[in-house]
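# What follows is a predicted structure for the sequence shown.
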Amino acid sequence: MEEEEVKEMSELLSIPKTPRPPVSGPPSQLHSPSLTRSPLLHSPTPQTPRPSELPSIPATPRLPVSGPPSQLHSPSLTRSPLLHSPTSQTPRASELHSIPATPRPPVSAPPSQLHSPSLTRSPLLHSATPRTPRTPRFARTPLASPMRRAIVNMRAYLEDIGHLTKLDPHDAWLPITESRNGNAYYSAFHTLSSGIGFQALVLPLAFTFLGWTWGILCLSAAFVWQLYTLWLLVQLHESVPGTRYCRYMHLAEATFGELSLPNSHFRPITSTAASPCCLLCLFSGAKLGKWLALFPILYLSAGICTAIIIVGGGAMKLFFQIVCGATCDSKPLTTAEWYLVFTCLAVVLSQLPNLNSIAGVSLIGSVTAVTYCTLIWVISVSKGRLPGVSYHPVEAKSDVDRVLGILNALGIIAFAFRGHNLVLEIQATMPSSLKHPSRVPMWRGVKVAYLMIAFCLYPIAIGGFWAYGNMIPSNGMLTALYAFHGKDTSRVLLGLTALLVVVNCLSCFQIYAMPIFDTMEAGYTKKKNRPCPRWLRSAFRAFFAAISYFMAVAFPFLSDLAGLIGGMALPVTLAYPCFMWVLVKKPERYSAMWYINWVLGGAGMGLSLILTIAGVWNLVKTGIDVRFFKPQ
């Protein structure tokens with residue numbers, strides 16, 4: 001009887017002419033658990049055909065279910081492939097491609113045992129033709145949601161422990177953080193371009209009040225001090241795990257209490273490490289803490305851009321006079337017009353989109369700065385000392401005048417070191433990860449840049465004071481070079497020096513204006529939640545350049561305020577980084593780092609206050625040639 005049933009089922013399934021070898025076991029043991037994985041029970045032909053065999057395989061009707069109709073909808077058979085309809089007039093494409101080359105052998109068990117619970121997972125009971133090559137929907141849906149939830153939870157966990165950095169989505173639209181492919185070379189270019197410039201040419205003037213010994217000591221102390229605070233800023237860029245402070249203003253707000261940070265990393269008032277009385281800590285959590293940092297930062301960016309227009313426009317005028325000569329018949333432009341020409345060139349150059357895109361500009365600015373500083377002190381020293389030069393400190397009429405002169409000299413030295421308000425912005429252009437933090441390439445570039453800065457500042461200060469002594473003019477080395485050696489120096493060298501100053505000023509304008517550009521665009525992106533259009537970006541930059549030009553024409557005497565400017569901007573360079581380190585890192589109380597940072601921070605704030613008062617007092621007593629709207 002069983003042989004007849006097998007024969008009938010074989011005819012229905014169109015078994016090939018070559019019969020399969022019979023199973024050596026008795027029929028009662030075919031579905032024994034010990035034989036479920038036996039190779040004798042599997043077909044010698046692979047169940048899944050090769051792709052090359054798929055197109056030529058005809059469709060084969062399915063085997064009808066042998067169970068009674070009353071059991072077709074049994075819960076135990078809801079997922080059985082044997083319950084699918086065997087009749088399909090037009091087979092689907094997925095079915096055609098999934099039909100095996102050789103049909104499956106018939107099951108030798110009696111029909112009453114085909115749906116036994118012990119055989120539900122047997123490979124002999126599965127259909128030879130799967131319905132679809134993809135995972136069924138009932139199997140895909142419950143697996144995807146937990147997996148997706150697990151990925152989201154894992155990402156949140158990594159962000160919490162600092163393995164992933166939480167970035168502001170607006171940062172991708174702003175010029176400072178729009179590109180993050182910077183490296184150590186870019187940091188060296190930007191740091192050198194922002195750290196040296198026209199302010200270095202005024203250093204010999206400070207020696208006229210301090211003399212040789214105190215001048216060199218004060219310059220060296222200021223250099224080491226500001227290099228230490230710069231190192232603090234580089235370390236504070238990623239001081240909180242998973243957070244990058246890409247702007248000096250953001251770090252100042254977070255440290256002094258304006259921003260509410262996750263996990264309460266910064267609590268300046270209740271911190272045991274910050275218990276000594278400090279003016280900044282008294283204003284923690286209030287808006288005044290923000291304004292204490294905002295004013296000097298904006299003053300540095302906008303004020304230096306205005307001073308750059310004055311110096312750059314004056315250098316352009318000087319270059320034209322040298323090239324044209326005394327016999328030139330053309331009518332020269334006025335000083336205000338030269339300022340306008342310089343501003344227009346700066347606006348054209350400012351159309352570069354982000355901070356990384358001006359790396360080449362910063363490289364040119366760095367090379368020109370080092371070159372013209374070297375040319376100026378080499379020419380001055382090679383010409384020898386002026387007749388009747390004196391190196392004694394300037395004699396003051398009273399003790400008050402002597403003190404004011406010394407404080408003014410300290411302000412000039414402080415003004416020579418700039419660029420700390422751009423350190424975090426430069427570091428923000430670099431990629432960062434747990435294994436490769438951005439502070440490593442940033443500090444490598446900073447060391448190279450400040451080595452070059454030292455090679456420029458010390459020769460300028462020492463060589464300039466040796467060549468001109470107390471006779472150096474208040475505008476610095478560039479004016480002294482043309483005033484004392486304009487006739488006995490080659491016009492090529494003089495013209496080249498002026499041209500290098502112009503190019504350097506154009507380069508410095510871009511990097512110092514970038515925080516202002518970033519602030520203007522940040523207001524738009526936060527309000528509109530979209531990137532700033534190109535035309536609006538150009539309008540913002542042209543507007544800022546116009547404001548700077550107006551300030552340069554209205555206040556052409558800003559170069560005479562070097563001491564006052566240095567005193568007001570001193571906390572950004574020498575004081576704030578020390579306080580930030582104590583409040584963020586929380587060093588052990590009364591440890592070496594605790595003492596060093598509190599002492600340096602307090603000294604920086606006190607020195608800033610004294611220099612500012614001295615600068616104002618000096619202006620009131622000695623007076624100043626105001627010249628509103630009368631640039632010369």
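On my side now, so go ahead. Numbers count the residues shown, from 1 in each chain.
# going forward, measure contacts and count neighbours with C-alpha atoms only.
Noted.
# quick one: residue 321 and residue 499, what's the gap?
Counting by CA to CA, to the nearest Å, the separation of residue 321 from residue 499 is 12 Å.
# Between the two, tell me which one has more neighbours.
residue 499 (20 against 14; other CA atoms under 10 Å).
# shared neighbours of residue 321 and residue 499, anything?
The overlap between the contact sets of residue 321 and residue 499 (CA atoms under 8 Å, 6 or more residues apart in numbering) is empty.
# quick one: the helices in the stretch 201-350 of the chain?
Ranges of helices in the stretch 201-350 of the chain, per DSSP state H, counting those that start in this stretch, are 203-236, 248-255, 279-282, 287-324, 335-349.
# Let's see stretch 354-370 as PDB, backbone CA atoms only.
In PDB, the C-alpha atoms belonging to stretch 354-370 read as follows (Å, rounded to 0.1, in the frame of the first residue of the first chain):
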ATOM      1  CA  ASN A 354      35.400  79.400   5.700                       C
ATOM      2  CA  LEU A 355      38.500  79.400   8.000                       C
ATOM      3  CA  ASN A 356      40.100  76.400   6.300                       C
ATOM      4  CA  SER A 357      39.700  78.000   2.900                       C
ATOM      5  CA  ILE A 358      42.000  80.900   3.900                       C
ATOM      6  CA  ALA A 359      44.900  78.600   4.900                       C
ATOM      7  CA  GLY A 360      46.700  79.700   1.800                       C
ATOM      8  CA  VAL A 361      46.100  83.300   2.600                       C
ATOM      9  CA  SER A 362      47.400  82.800   6.100                       C
ATOM     10  CA  LEU A 363      50.500  81.100   4.700                       C
ATOM     11  CA  ILE A 364      51.200  84.100   2.500                       C
ATOM     12  CA  GLY A 365      50.600  86.400   5.400                       C
ATOM     13  CA  SER A 366      53.000  84.400   7.600                       C
ATOM     14  CA  VAL A 367      55.700  84.500   5.000                       C
ATOM     15  CA  THR A 368      55.300  88.300   4.400                       C
ATOM     16  CA  ALA A 369      55.300  89.000   8.100                       C
ATOM     17  CA  VAL A 370      58.500  87.200   8.800                       C
END
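# Can you give me the neighbour number for residue 218?
Residue crowding around residue 218 was assessed by other CA under 10 Å; the count is 17.
# again with residue 580
23.
# Next up, identify which helix or strand it is on.
Element membership of residue 580 [criterion: DSSP states H and E] is helix 576-585.
# pLDDT averaged over the very next helix or strand once past that helix - what is it?
The helix or strand immediately downstream of helix 576-585 is helix 592-622, counting by DSSP H and E. Helix 592-622 shows a mean pLDDT of 89.
# same thing with stretch 379-392?
92.
# can you give me the end-to-end distance of it?
End to end - CA to CA - stretch 379-392 spans 23 Å.
# Could you check stretch 487-495 and say which residues are buried?
494-495 (16 or more other CA atoms under 10 Å).
# same for the helix or strand harbouring residue 515, what does it pack against?
When elements are assigned from DSSP H and E, residue 515 belongs to helix 491-528. With contacts taken as 3 or more CA pairs under 8 Å, 6 or more residues apart in numbering; DSSP states H and E, helix 491-528 sits against helix 184-195, helix 287-324, helix 335-349, helix 359-382, helix 534-554.
# can I get those in JSON lines with distance to residue 471?
Output for the helices and strands packed on helix 491-528, formatted as JSON lines (distance: least, CA to CA, whole Å):
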{"stretch": "helix 184-195", "distance to residue 471": "27"}
{"stretch": "helix 287-324", "distance to residue 471": "21"}
{"stretch": "helix 335-349", "distance to residue 471": "26"}
{"stretch": "helix 359-382", "distance to residue 471": "13"}
{"stretch": "helix 534-554", "distance to residue 471": "27"}
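# okay, those, which one's buried deepest?
Among the helices and strands packed on helix 491-528, helix 184-195 has the highest mean neighbour count (mean count of other CA atoms under 10 Å), at a mean of 26.
# and it, what other elements does it pack with?
Secondary-structure packing of helix 184-195 (3+ CA pairs under 8 Å, 6+ apart): helix 359-382, helix 423-427, helix 439-468, helix 491-528.
# List of residues touching that helix?
So helix 184-195 is contacted by 356, 359, 362-363, 365-366, 369, 417-419, 422-423, 426-427, 441-450, 452-453, 504, 507-508, 511-512 (CA under 8 Å, 6+ apart).
# Now, of those residues, which are buried?
356, 359, 362-363, 365-366, 369, 417-419, 422-423, 426-427, 441-443, 445-450, 452-453, 504, 507-508, 511-512.
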